[in-house]
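Chemist: Kindly return the folded structure for what I paste below:
(one chain, ligands or ions: 1)
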Amino acid sequence: MRADVVVVGAGLFGLTVAERCASAGLDVLVLERRDHIGGNAWSEDDPQTGIEVHRYGAHLFHTSNERVWGYVNRFTAFTDYQHRVWTTHRGEVFPMPINLATINQFFRTNLGPAAARALVAGQAGELSADAATNLEERAVALIGRPLYEAFVRGYTAKQWQTDPRDLPPEVISRLPVRYGYDTRYFSDTYEGLPVDGYAAWLQRMADHPRIEVRLGVDVLDPRASIGRDHLVGRVPVVTTAPVDRWFDYAEGRLSWRTLDFEREVLPVGDHQGTAVMNYADDDVPYTRVLEFRHFHPERAHYPDDRTVVVREYSRAAQVADEPFYPIGTPHDRAALLRYRERVAAESGVLFGGRLGTYRYLDMHMAIGSALTLVDNQLPRLLRGRAS
Ligand code: UDP
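Modeler: Modelled structure (predicted):
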């Protein structure tokens, strides 16, 4: 094996590191456990309809980071898709994230921004959002208790099955609260979907003469042809494997949520009229329904008499399940601190990505942090290059 750097995991973090190192003249070996690259951003065309389906749930690209936006546009153009989400609560459909339309519909009012702010502030209790130490406190501080109970408590219970008082406040800070009628889900400067799909984008990142990708290689499987112990100390390694698994769970297991996807082709041109419908109440067992044709209204080849829907269910991840969302209970956070000490002591190995850092990273965050890692490490890697 000849490589100047080995990247474990071909998700967006690993691919960005690989592509940047290869473009700088390093030979990069990428080892991916799955049978495809791209991590959870991978997509494929549904065989019956030709509709692009994101295999691991809806992936919407958005960023305000100029550098990241410039970087991703080298590999793909983006459509002008703008994500909007609706949520069903007690048989009624509301726009999500919470905005003036949600507030006025929910309270049967016609308030302007200032009056709506005053109403919510009166329901928010004493604690400021900054002082909140958990999801429930932060949500109540931001939107008041009635809106929290209608739109957040039930959904969050389904999504996390963890007491909202045990979840970190950052989880809910992902959603904006708007005192206007802007119903866009994201507030970022740039947003869109890859014109010819995620698979084509991701493939172009990996498509470099200095990058070799080997699929189906799990370096943490003791039977692997190229295992962790074979790599560490011999070649610089960047790993995006789950940090607890890398250290054989020596500090305990970090808890994750996994998702189950129930896919169905329906004999109608349009099932729900929008890409994502959330279900806020616990009488519906799934968190949301995705209808993939709506991500690409510009695609003329999609059939007009069939549609693909995916119901998304969330549950606690067992060892064999795909980890999706780091839960981050107080117990997890304590274990993570101990893992971070091990990470700092592991010489010749750098950790990154959602699994490698136990952080809930959006795609643009994974790419941005990979670019930063390469900025910091490339000079050293170039000095140590195999000759
Ligand atoms: N959330 C909620 N109600 C909703 C949508 C989101 O309470 O209708 C909360 C929930 O706790 C969720 C978090 O906001 O985990 C972040 O939502 P986001 O849509 O960013 O989650 P993702 O799409 O990454 O699963």
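
Chemist: who's in contact with the worst-scoring helix or strand of the chain on mean pLDDT?
Modeler: Lowest on mean pLDDT, DSSP states H and E among the helices and strands of the chain sits helix 170-173, with a mean of 86. Helix 170-173 is contacted from outside by 135, 138-139, 142, 152, 156, 160, 328, 360, using C-beta atoms under 8 Å, 6 or more residues apart in numbering. The way it works is simple: take the backbone N, C-alpha and C, and place the C-beta from them, glycine included.

Chemist: let's go with 10 Å and repeat that
Modeler: By C-beta atoms under 10 Å, 6 or more residues apart in numbering, the surrounding residues in contact with helix 170-173 are 129, 132, 134-143, 148, 152, 156, 159-160, 162, 164, 325-328, 359-360.

Chemist: In helices, which of these fall?
Modeler: Counting by DSSP state H, the contacts of helix 170-173 place 135-143, 156, 159-160 in helices.

Chemist: Restrict those to those that also contact the ligand, please.
Modeler: Contacts with the ligand within the ones in helices among the contacts of helix 170-173, as defined by C-beta under 6 Å from any ligand atom: 156, 159.

Chemist: now for the ones in helices among the contacts of helix 170-173, which pair is the farthest apart?
Modeler: Greatest spatial distance among the ones in helices among the contacts of helix 170-173 (C-beta to C-beta): Ala141 and Gln159, at 19.9 Å.

Chemist: Would you mind listing what in this structure touches the ligand?
Modeler: So the chain meets the ligand at 87, 96, 151-152, 155-156, 159, 171-172, 174-175, 278, 280 (C-beta under 6 Å from any ligand atom).

Chemist: Quick check: ChimeraX command selecting the buried ones in those residues.
Modeler: For the buried members of the residues of the chain next to the ligand, the matching ChimeraX selection, counting by 16 or more other C-beta atoms under 10 Å, is:
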select :87,96,151,152,155,156,159,171,172,175,278,280
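
Chemist: for the protein, which spans come out with low pLDDT?
Modeler: 1, 386-387 (pLDDT under 70).

Chemist: Can you give me the domain assignment for it?
Modeler: 5-42+195-250+328-383, 96-173 (automatic domain parsing).

Chemist: right, and the secondary structure at Trp201 would be what?
Modeler: helix (DSSP: H, G, I helix; E, B strand; the rest coil).

Chemist: how about the helices of the stretch 251-387 of the chain, start to end?
Modeler: For the stretch 251-387 of the chain, the helices defined by DSSP state H, counting those that start in this stretch cover 330-345, 353-357, 363-383.

Chemist: okay, those in JSON lines with mean neighbour count and distance to Phe295 next?
Modeler: Shown next, in JSON lines, are the helices of the stretch 251-387 of the chain (neighbours: other C-beta atoms under 10 Å; distance: least, C-beta to C-beta, whole Å):
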{"stretch": "helix 330-345", "mean neighbour count": "14", "distance to Phe295": "32"}
{"stretch": "helix 353-357", "mean neighbour count": "26", "distance to Phe295": "22"}
{"stretch": "helix 363-383", "mean neighbour count": "17", "distance to Phe295": "14"}
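
Chemist: out of those helices, which comes closest to Ala22?
Modeler: helix 363-383 (10.7 Å).

Chemist: what helices or strands is the closest one leaning on?
Modeler: The elements that helix 363-383 packs onto, with contact taken as 3 or more C-beta pairs under 10 Å, 6 or more residues apart in numbering; DSSP states H and E, are strand 5-8, helix 12-23, strand 61-63, helix 66-72, strand 237-239, strand 349-351, helix 353-357.

Chemist: I'd like to check the angle between it and helix 12-23, please.
Modeler: Helix 363-383 and helix 12-23 are oriented at 40 degrees to each other (axes from the mean of the first three to the mean of the last three C-alpha atoms, to 10 degrees).

Chemist: Now do the nearest residue to Asp221 once chain neighbours are set aside against Asp332, distance only.
Modeler: Using C-beta to C-beta, 6 or more residues apart in numbering and skipping residues adjacent in sequence, the residue nearest Asp221 is Gly227, 7.3 Å away. Here Gly227 is placed at a distance of 27 Å from Asp332 (C-beta to C-beta, to the nearest Å).

Chemist: One more: Gly91?
Modeler: 36 Å.

Chemist: residues contacting the spatially closest residue to Leu135 that is not a sequence neighbour?
Modeler: Nearest residue to Leu135, sequence neighbours excluded (C-beta to C-beta, 6+ apart): Leu167, at 3.9 Å. Leu167 makes contacts with 134-136, 138-139, 156, 159-160, 327-329, as judged by C-beta under 10 Å, 6+ apart.

Chemist: Neighbour-wise, give me the winner out of those.
Modeler: Most neighbours among the contacts of Leu167, by other C-beta atoms under 10 Å: Ala139, with 30 neighbours.

Chemist: burial measure for Val319, as a count.
Modeler: 8.

Chemist: I meant to write Leu127 there.
Modeler: 13.

Chemist: That one contacts Arg145, doesn't it?
Modeler: No. Taking contacts as C-beta atoms under 10 Å, Leu127 lies outside contact range of Arg145: 11.6 Å.

Chemist: re earlier: distance to Asp80 added to the domains of the chain, as CSV?
Modeler: What follows is the domains of the chain, written out as CSV (distance: least, C-beta to C-beta, whole Å):
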stretch, distance to Asp80
domain 5-42+195-250+328-383, 10
domain 96-173, 20
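
Chemist: Ok, which of the ones you listed comes nearest Arg74?
Modeler: Closest among these, using C-beta to C-beta: domain 5-42+195-250+328-383, at 8.4 Å.

Chemist: Who are the contact partners of Gln105?
Modeler: 89, 92-95.

Chemist: buried set for the helix or strand containing it?
Modeler: If you go by DSSP states H and E, Gln105 is part of helix 100-107. Neighbour-count burial for helix 100-107, counted by 16+ other C-beta under 10 Å, picks out 100, 102-104, 106.

Chemist: Please apply the same query to stretch 24-40.
Modeler: Quick answer for stretch 24-40 (16+ other C-beta under 10 Å): 24, 26-34, 36-40.
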